[in-house]
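Asks: Using only what follows, build the 3D model:
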Amino acid sequence: MSFRDFQKKKQLLNFIFKIFPFIDLPFGIVIVWLSSNQLLSALLILMIPINALIIEKKLTKNERLPGPLIFTINTIIFFILLFVSGKNAPVWLLLVNVTVGTVFMFAKAITGQLIMQICIILTFTVSYFFINQSLNNNLTLFLVFSGFNFLIGRVYEYLIIQQSEIEKTTSLLKEKNNNILDSINYAKRIQTALLPTPTQLSKFFSNTFVLYQPKDIVSGDFYWFHEVNPAEKIIVCGDCTGHGVPGAFMTVVGNSLLNQIIIEDGQTNPKLILSELDRRVTLTLKQDRQSDSIQVNDGIDLSLIKINTATNTVTFCLAKHNAYVISGNELRTIHGNKFSIGDTFGSKKDFIEETLETDLISFVYLSTDGYADQFGGYKTKKIGTKKFKSLLLEASKKSFNNQVEYLSSFYNNWKGTEEQIDDVCVIGINLQ
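Replies: As a prediction, the model looks like this:
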């Protein structure tokens, strides 16, 4: 018997040992009640499950099937009980469980059935010739149990066939699932290649961190950096509709269009970048075709900032995002426009930008909503925007190298065993 078949038999026997004592209990009570030797009958009946339990524990440890030995010893006990209890005790009731159990006790079900049939023949032969039970009664019970034995065998065969079909289906599903996961994992490599590397980030700013934690293998959040010239740098933090594969498709669209608008076309005005990005997302997803049967309402919530070290200014242009700046020991929220990139049919969008001097700003933080929306804590509630802002203020008091560790540690501790509900992207920039 293969190890796999042994494990199946072991599981089935464990199940039998759990339920059969409860089935045998009422049978045992009836047998003892009608027995001519109640005390000895009770002891013999108790020996049957105890013997099975002891043998099962000892043999399964050595990966040996305990069924044959259990059947042999308990059959001996059964025949002793048959003689001890007398002709008025219906000891044959115990054959109900044994008949069911034998198909699981042997390496081959047919072996168990044949041995059980021999046991049935011997039982009613002994009952008639040695215990003087009536011929009609023994013949009736013999036919009933023989038919029952045959029926159990057919049911077992049916179950094996069904189990085989389930295993084939499960194997096929696993194979398909593995193929899908392989494809998504490869897509992750492509998405990761589109994101700026730590080396590129450190080239732009000596003190910049990105806390990036996708909900699934691939993410609907993305970040984008570009150095226009030595004095001007543009940073983007985007949150595309959805997460996982649909969101990841949108990040590729967003990344590609930003490359076209800023790098290829040379547009560096934050307000105009977002207006052009909105127009191109709408065209790319054909959101301007209201009559089409298939409409894609996906969009991008996005933070874009432009840092100019020559003028000591930072310009914010935000699409349904807020940004946060630390000035001294205070946190200020930079409120964004109330509409996303794309996502809306035929609406006129006028993106407003805000410019601040960097002299009094220590840190700038950009974030998608995944961090603040995470459920957790001892009350299983969201972190929330208010708590998130207090975390940023607390993080700003730490050394910049420790800020990302502080925010990441709090997030993971808060989430605990709860499911991550969205992608997370938090960007911190030290302007000093």
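Asks: Mind splitting the protein into its structural domains?
Replies: 3-169, 196-430 (automatic domain parsing).
Asks: Please name whichever of those is nearest to Asn179.
Replies: Evaluated with C-beta to C-beta, the domains of the chain place domain 196-430 nearest to Asn179, the distance being 13.8 Å. (Each C-beta comes from the backbone N, C-alpha and C, glycine too.)
Asks: Kindly check the end-to-end length of the closest one for me.
Replies: End-to-end distance for domain 196-430: 18 Å, by C-alpha to C-alpha, to the nearest Å.
Asks: what number of residues lie near Val144?
Replies: Other residues near Val144 come to 13 when the count uses other C-beta atoms under 10 Å.
Asks: Averaged pLDDT, stretch 320-337. What do you get?
Replies: Mean pLDDT, stretch 320-337: 93.
Asks: ok, back up a step: out of the domains of the chain, point me to the one whose mean pLDDT is lowest.
Replies: Lowest mean pLDDT within the domains of the chain: domain 3-169, at a mean of 79.
Asks: Pick the most deeply packed of the domains of the chain.
Replies: Sort these by mean neighbour count, taking mean count of other C-beta atoms under 10 Å, and domain 196-430 sits at the top with a mean of 18.
Asks: got the domains of the chain as TSV, with distance to Lys188 columns?
Replies: Converted to TSV, these look like this (distance: least, C-beta to C-beta, whole Å):
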stretch	distance to Lys188
domain 3-169	28
domain 196-430	5
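Asks: all strands for this protein, in order.
Replies: 208-213, 221-229, 232-240, 299-308, 313-319, 323-327, 330-334, 341-342, 353-357, 363-367, 375-376, 381-382, 424-430 (DSSP state E).
Asks: Give me the helices and strands touching the helix ranked longest in the chain, please.
Replies: Longest helix of the chain, by residue count under DSSP state H: helix 135-194. Under the contact criterion of 3 or more C-beta pairs under 8 Å, 6 or more residues apart in numbering; DSSP states H and E, helix 135-194 touches helix 95-105, helix 109-129, helix 244-258.
Asks: Among these, which comes closest to Phe204?
Replies: Here helix 244-258 is closest among the helices and strands packed on helix 135-194 (C-beta to C-beta), at 15.0 Å.
Asks: Can you name the residues that contact Lys233?
Replies: For Lys233, the contacting residues are 204-205, 225-227, 306-307, by C-beta atoms under 8 Å, 6 or more residues apart in numbering.
Asks: List just the nearest of those residues to Ile115.
Replies: Among these, Phe225 lies closest to Ile115 (C-beta to C-beta), at 76.1 Å.
Asks: quick one, what contacts the closest one?
Replies: 196, 200-201, 204, 233-236.
Asks: quick revisit: what would the helices and strands packed on helix 135-194 look like in CSV with distance to Glu418?
Replies: CSV is the format used below for the helices and strands packed on helix 135-194 (distance: least, C-beta to C-beta, whole Å):
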stretch, distance to Glu418
helix 95-105, 41
helix 109-129, 46
helix 244-258, 18
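Asks: of the ones you listed, which approaches Gln38 most closely?
Replies: Between Gln38 and the helices and strands packed on helix 135-194, the tightest spacing by C-beta to C-beta is seen for helix 109-129, at 19.3 Å.
Asks: ok, residues contacting the closest one?
Replies: With C-beta under 8 Å, 6+ apart as the criterion, helix 109-129 contacts 67, 71, 75, 78-79, 82-83, 87, 92, 95, 98-99, 102-106, 133-135, 138-139, 141-142, 145-146, 149-150, 152-153, 156-157, 160.
Asks: let's see 7 Å
Replies: Helix 109-129 is contacted from outside by 75, 79, 82, 92, 95, 98-99, 102-103, 105-106, 133, 135, 138, 141-142, 145-146, 149, 153, 156, using C-beta atoms under 7 Å, 6 or more residues apart in numbering.
Asks: so Asp221 bridges to which residues?
Replies: Asp239 (DSSP bridges).
Asks: Now do the contacts for the closest residue to Leu393 other than its chain neighbours.
Replies: In this structure, Leu393 finds its nearest non-sequential neighbour in Leu331, 4.6 Å apart by C-beta to C-beta, 6 or more residues apart in numbering. Listed by C-beta under 7 Å, 6+ apart, the contact set of Leu331 reads 324, 389, 392-393.
Asks: Out of those residues, which sit inside helices?
Replies: Of the positions in those, 389, 392-393 sit in helices, assigned by DSSP H.
Asks: Please report the distance of the residue nearest to Ser340 when sequence neighbours are not counted from Gln213.
Replies: Counting by C-beta to C-beta, 6+ apart, Gly299 is the residue found nearest to Ser340 once chain neighbours are left out, at 3.9 Å. Gly299 is 22 Å from Gln213, where distance means C-beta to C-beta, to the nearest Å.
Asks: Run the chain-centre distance for stretch 392-410.
Replies: Here stretch 392-410 is found 30 Å from its chain centre; the criterion is C-alpha atoms, centre = their mean, to the nearest Å.
Asks: and what of stretch 326-345?
Replies: Mean-position distance between stretch 326-345 and its chain equals 34 Å (C-alpha atoms, centre = their mean).
Asks: Begin at 28, not 1, for the rest of this chat.
Replies: In the new count, where the first residue is 28, that last one comes out as stretch 353-372.
Asks: quick one, what contacts the spatially closest residue to Tyr239 that is not a sequence neighbour?
Replies: What sits nearest to Tyr239 in space, not counting adjacent residues and going by C-beta to C-beta, 6+ apart, is Cys452, at 5.3 Å. By C-beta under 7 Å, 6+ apart, the contact list for Cys452 reads 239, 248, 250, 264, 394-395, 397.
Asks: how much space is there between Gly281 and Val308?
Replies: From Gly281 to Val308 the distance is 7 Å (C-beta to C-beta).
Asks: Which neighbours do those two have in common?
Replies: Residues within reach of Gly281 and of Val308 at once, by C-beta under 7 Å, 6+ apart, are Ile327.
Asks: Now render the contacts of Lys260 as JSON lines, adding distance to Arg216.
Replies: Shown next, in JSON lines, are these (distance: C-beta to C-beta, whole Å):
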{"residue": "Phe231", "distance to Arg216": "23"}
{"residue": "Phe232", "distance to Arg216": "26"}
{"residue": "Phe252", "distance to Arg216": "20"}
{"residue": "His253", "distance to Arg216": "22"}
{"residue": "Glu254", "distance to Arg216": "25"}
{"residue": "Lys333", "distance to Arg216": "30"}
{"residue": "Ile334", "distance to Arg216": "30"}
